[in-house]
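1. sequence unknown, structure follows:
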């Protein structure tokens, strides 16, 4: 699958990898409610602060998080636009079945023409 | 052909499954045949722009359909539907596998379980496809895979596809 991977846009892959991880999804849902500092976020999880920063870094690399400096603190905010893109994650699955079923519909009309044309 | 052409999707995150429903204007026996006979499956099962060809077909409990998906400018893919339970013209259950070119299962891609239900409603036939994944992550990863891979082409063809789906908009 490697070669297929390389062909596709890196950013796209990362975004979906980002949401495939349960910790990162939890971080996203916290940040959706309000801006968080990395320190406060880390306290919400049982894993090490380092592990949380790693997740945060990946999320901001995917442009899902936006950094905002307030004084000496960094706050993370959700990038809503990017989230909306993810919201369409069902689209490929949908299109596969719609494509198949349209073709099946056509096939059925070909092998069963007299019934199909009646309305 | 108005709302019969509409495909309905229900995502059930609690049970890691997606339900796809559609009504066809054709007798149940024909719809059943188009799901269970290789020559008919080949004519519709490949999502645009893929063409399907059968390597092996044995529609019975414990049997399988092994096929190749090809499209110009796309990497060839292989798949297998393993049949588990079959109730003639009622339903069947199956596993949906992605294979490499040696026809071995690709370990990174989770195997989903299908249950396809058929029912007659006057001169129409209802189809319900349940796709169930082992874990929630699998469901999301799978969709991510679909997004990354050749199905990008399907997206590129969206405009074209939408043209054929125009009647849906009437509802």
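-> The structure has been received and is ready for your questions. In this text, all values refer to a predicted model and were calculated from it rather than measured experimentally.

2. got any ranges where chain B has weak pLDDT?
-> Chain B contains residues with pLDDT under 70 at B:1-5, B:13, B:141-171.

3. next one: phi and psi at the residue positioned nearest the centre of it?
-> Note on chain B: the residue nearest the mean C-alpha position is residue B:45, at 6.4 Å, using Cα atoms, centre = their mean. Dihedral pair for residue B:45: phi -70, psi -30, per degrees, to the nearest 10.

4. Pretty sure it sits against residue A:101.
-> No: counting by Cβ atoms under 8 Å, residue B:45 stays clear of residue A:101, with 10.4 Å between them. In short, each C-beta sits where N, CA and C put it, glycine included.

5. residue boundaries of the helices in chain A?
-> A:2-7, A:10-20, A:22-33, A:38-43, A:49-61, A:80-87, A:91-111, A:113-117 (DSSP state H).

6. packing partners for the fourth one?
-> In other words, helix A:38-43. When contacts are defined as 3 or more Cβ pairs under 8 Å, 6 or more residues apart in numbering or on different chains; DSSP states H and E, helix A:38-43 packs onto helix A:22-33, helix A:49-61, strand A:73-78.

7. Apply 6 Å and report the result again.
-> helix A:49-61 (3 or more Cβ pairs under 6 Å, 6 or more residues apart in numbering or on different chains; DSSP states H and E).

8. On the strand side of things, show who the residue nearest to residue A:105 when sequence neighbours are not counted bridges to.
-> In this structure, residue A:105 finds its nearest non-sequential neighbour in residue B:24, 6.1 Å apart by Cβ to Cβ, 6 or more residues apart in numbering or on different chains. Here residue B:24 shows beta-bridge partners residue B:125, assigned using DSSP bridges.

9. Residue B:24: neighbour count?
-> 24 (other Cβ atoms under 10 Å in any protein chain shown).

10. these two touch, right, it and residue B:126?
-> No: in this structure, residue B:24 is not within contact of residue B:126 by Cβ atoms under 6 Å, at 8.0 Å.

11. Residue ranges in chain A under the pLDDT threshold?
-> A:1-17, A:19-20, A:83-92, A:113-119.

12. Apply 90 and report the result again.
-> Chain A contains residues with pLDDT under 90 at A:1-36, A:44, A:58-66, A:77-99, A:109-119.

13. Please report the distance of residue B:136 from chain A.
-> Distance, residue B:136 to chain A, by Cβ to the nearest Cβ, to the nearest Å: 8 Å.

14. What does that residue show for phi and psi?
-> Taking degrees, to the nearest 10 as the convention, residue B:136 sits at phi -60, psi -40.

15. excluding its backbone neighbours, what's nearest it?
-> residue B:16 (5.3 Å).

16. show me what contacts the one you found?
-> Neighbouring residues of residue B:16 by Cβ atoms under 6 Å, 6 or more residues apart in numbering or on different chains: B:133, B:136, B:139.

17. From residue B:23, how far out is it?
-> Separation of residue B:16 from residue B:23 (Cβ to Cβ, to the nearest Å): 26 Å.

18. can you check residue A:79 too?
-> If you go by Cβ to Cβ, the gap between residue A:79 and residue B:23 works out to 40 Å.

19. repeat for residue B:129
-> 13 Å.

20. My guess is the residue nearest to the centre of chain B contacts residue B:52. True?
-> Yes: Residue B:45 is within contact range of residue B:52, at 5.1 Å (criterion: Cβ under 6 Å).

21. tell me, what's touching those two both at once?
-> With Cβ under 6 Å, 6+ apart, residue B:45 and residue B:52 have no common neighbours.

22. Name the SS class of residue B:14, please.
-> On the three-state scheme (DSSP: H, G, I helix; E, B strand; the rest coil), residue B:14 is labelled coil.

23. residues near it, how many?
-> Residue B:14: 7 neighbours (other Cβ under 10 Å).

24. Just list the residues touching residue B:91, thanks.
-> residue B:117.

25. tell me which residues form a beta bridge with it?
-> The partner residues for residue B:91, given DSSP bridges, come to residue B:87, residue B:117.

26. Name the nearest residue to residue A:23, ignoring sequence neighbours.
-> That would be residue A:55: by Cβ to Cβ, 6+ apart, it lies 5.6 Å from residue A:23.

27. what about the one you found, neighbour count?
-> 20.

28. And residue B:119, by the same measure?
-> Residues near residue B:119, counting by other Cβ under 10 Å: 15.
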